[in-house]
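Asks: Below is the structure, and that's it, no one-letter string:
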């Protein structure tokens, strides 16, 4: 059976021949990436990997995240934006039910943003 998730991304028809695959970018693709439990689990695992491999240094985590997700080092502006984003997320999440999980969840949301970015999804 074909994977239903691939239909959102214009999977080719598997009936006898597929001469051409249609290409489109539509809202359901972004919504799938933002709301998929699979993507959320991957984001959490990605954040855990950053913590394990880069340690507590936030700048090292951002650099590793960019290299793993995008295959390149982040610019200084990207590092600054990512660190500001994580700090803002931590502040917002600090009022939640589990303040101890705040930092890891903030990193997971950054990882999810990277996994949902055009730079990750599309090859030029």
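Replies: Alright, I've got the coordinates. Since the model is a prediction, treat every value here as computed from it, not as a measurement. Residues are numbered from 1 along each chain as shown.

Asks: where exactly do the strands run in this structure?
Replies: Remark: no strands are assigned in the chain by DSSP state E.

Asks: Mind jotting down where the helices sit in the chain?
Replies: For the chain, the helices defined by DSSP state H cover 4-8, 27-35, 37-54, 58-70, 76-93, 102-115, 118-121.

Asks: Need the residues that contact the third one.
Replies: Surrounding helix 37-54, the residues in contact under the criterion Cβ atoms under 8 Å, 6 or more residues apart in numbering are 5, 32-33, 60-61, 63-65, 68-69, 104-105, 107-112, 114-116. For glycine as for every other residue, the C-beta is placed from the backbone atoms N, C-alpha and C.

Asks: Work out the gap between it and the centre of the chain.
Replies: Relative to its chain's centre, helix 37-54 lies at 9 Å (Cα atoms, centre = their mean, to the nearest Å).

Asks: and that helix, which residues are buried?
Replies: 39-40, 43-44, 46-47, 50, 54 (16 or more other Cβ atoms under 10 Å).

Asks: cool, the fourth one as well?
Replies: Counting neighbours by 16+ other Cβ under 10 Å, one finds that the buried residues in helix 58-70 are 58, 61-66, 69.

Asks: can you check the second one too?
Replies: Neighbour counts over helix 27-35 (16+ other Cβ under 10 Å) mark 32-33 as buried.

Asks: counting contacts, what elements does it pack onto?
Replies: helix 4-8 (3 or more Cβ pairs under 8 Å, 6 or more residues apart in numbering; DSSP states H and E).

Asks: before we move on, back to that, include distance to residue 86 and pLDDT when you put the buried residues of helix 58-70 into JSON lines, please.
Replies: Output for the buried residues of helix 58-70, formatted as JSON lines (distance: Cβ to Cβ, whole Å; pLDDT from 0 to 100):
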{"residue": "58", "distance to residue 86": "7", "pLDDT": "97"}
{"residue": "61", "distance to residue 86": "8", "pLDDT": "97"}
{"residue": "62", "distance to residue 86": "8", "pLDDT": "98"}
{"residue": "63", "distance to residue 86": "13", "pLDDT": "98"}
{"residue": "64", "distance to residue 86": "13", "pLDDT": "98"}
{"residue": "65", "distance to residue 86": "10", "pLDDT": "98"}
{"residue": "66", "distance to residue 86": "13", "pLDDT": "97"}
{"residue": "69", "distance to residue 86": "15", "pLDDT": "96"}
